[in-house]
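# My questions concern the predicted model and sequence given below.
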Amino acid sequence: MTAARELYDKGAHQRLLAALPGLIADGHAAAASRRDLDQALLSSVYSLASAVLIKLGCYDRARSTADRARTWAEVSGSPLATAAAAREWAIVLRHQQQFTDAQRVMSSAAADVEATGLRTDAAASAYAQMLCTLAYTAARGGQRTDALAMTEEARRAARRLPETPPASRLFPLSPAAVDLYAVGVHWALGDAGAALETGKDLRAEQFPTAERRARMGTDMARAWWAWNRPEQATHALLDAYRASPGEVRDRPAIRGIITELAERHPRISGVRELHTAVTRAS
């Protein structure tokens, strides 16, 4: 599971997909022990499978694995595994345009984590993550007031968290990570200027994994593109590609921006490089 998570954090999506069938089989063999921990780990395997399938745009398959993650989390009784599974389920619903259902799932997940008392940093991190996902879900559903309120609540919840969370943490959230989510919230609400303002002080070194560093680049690129700044969008995408090529070439929405850049602004430095990388991957 640690090795699989490292592949995800690198953006090595195809290698992770190849490893998942064996990992799932091992997880089921371990869960036959009926120990809560083994069952929670199997749920986490299915949550990870959902996460990578969502990145690749395979939403029907991701829905199936998210459903299995929820089942095994419920069997295990683990609040954190349950939160992780609920999050993946809600993200699938969001991508399938079921915004009301997605928001309901995330609201319930946040409330369940909060009910644990948030006595540990791991629980506080999980709660902040639920709020971040809830905020973005609300934003994609056009619920501006809820989205902004949840973003501020996530910031408050993240204040006690370390700048560099432990690598082993299920939800390795930090205050900078919450600000990156806020970039996405403002972009989803159609306010690219606020997104750029929110992200202007974020730095790559604040994010310990290649996946998050690349996500900073792609999120800022989306905001620059919405702000009609193709050159800045290209530079942000190049930064993302250098951090993790898979985070750029494997995500349909990001490939779409690069295709538009190549069609409308082919002479901008870096556009041809990006387009070639995406074309070769496909």
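Received it, and whenever you're ready, just let me know what you need. Numbering: from 1, shown residues only.

# And the residue nearest to Arg222 when sequence neighbours are not counted, how far from Val178?
Spatial nearest neighbour of Arg222, excluding adjacent residues (C-beta to C-beta, 6 or more residues apart in numbering): Trp187 at 5.4 Å. C-beta: built from backbone N, CA, C; applies to glycine. Computed as C-beta to C-beta, to the nearest Å, the Trp187 to Val178 distance reads 15 Å.

# the more surrounded of these two?
Just comparing Trp187 and Val178: by other C-beta atoms under 10 Å the higher neighbour count belongs to Trp187, 26 against 23.

# residue contacts, that one?
195, 219, 222-223, 226 (C-beta atoms under 8 Å, 6 or more residues apart in numbering).

# what mean pLDDT does the host helix or strand of the residue nearest to Arg222 have?
Using DSSP states H and E, Trp187 falls within helix 175-188. Helix 175-188 comes out with an average pLDDT of 97.

# Next SSE downstream of that helix?
Next along from helix 175-188, by DSSP H and E: helix 192-199.

# Could you check how far that next one is from the centre of its chain?
19 Å (C-alpha atoms, centre = their mean, to the nearest Å).

# what packs against the strand or helix carrying Tyr46?
Tyr46 is part of helix 36-55 when elements are defined by DSSP H and E. On a contact count with 3 or more C-beta pairs under 8 Å, 6 or more residues apart in numbering; DSSP states H and E, helix 36-55 meets helix 2-10, helix 13-31, helix 59-76, helix 79-95.

# Now it: buried residues?
By neighbour count on 16 or more other C-beta atoms under 10 Å, the buried set for helix 36-55 is 38-55.

# Just want the angle from that helix to helix 2-10.
On the basis of axes from the mean of the first three to the mean of the last three C-alpha atoms, to 10 degrees, helix 36-55 is oriented at 30 degrees to helix 2-10.

# Can you tell me the centre-most residue of this structure?
Note on the chain: the residue nearest the mean C-alpha position is Ala51, at 7.4 Å, using C-alpha atoms, centre = their mean.

# need the contact list for the closest residue to that one other than its chain neighbours.
Distance criterion C-beta to C-beta, 6+ apart; nearest residue to Ala51, sequence neighbours excluded, is Glu88 at 6.1 Å. With C-beta under 8 Å, 6+ apart as the criterion, the residues that contact Glu88 are 47, 50-51, 54, 62, 65-66, 69.

# Tell me how far Glu88 lies from Thr2.
From Glu88 to Thr2 the distance is 19 Å (C-beta to C-beta).

# residue ranges with poor pLDDT in the stretch 151-282 of the chain?
The stretch 151-282 of the chain contains residues with pLDDT under 70 at 281-282.

# okay, now the closest residue to Gly57 other than its chain neighbours: neighbour count?
Closest residue to Gly57 apart from its sequence neighbours, by C-beta to C-beta, 6+ apart: Pro252 at 4.3 Å. Neighbours of Pro252 under the rule other C-beta under 10 Å: 10.

# So Pro252 is in contact with Cys58, correct?
No. Between Pro252 and Cys58 there is no contact under C-beta atoms under 8 Å: 10.0 Å.

# domains of the chain?
1-93, 97-200, 203-282 (automatic domain parsing).

# still on that earlier bit, isn't the residue nearest to the centre of the chain right up against Gly11?
No. Applying C-beta under 8 Å, one finds Ala51 not in contact with Gly11, separated by 11.8 Å.

# is it true that Ile54 touches Leu93?
No. Between Ile54 and Leu93 there is no contact under C-beta under 8 Å: 10.9 Å.
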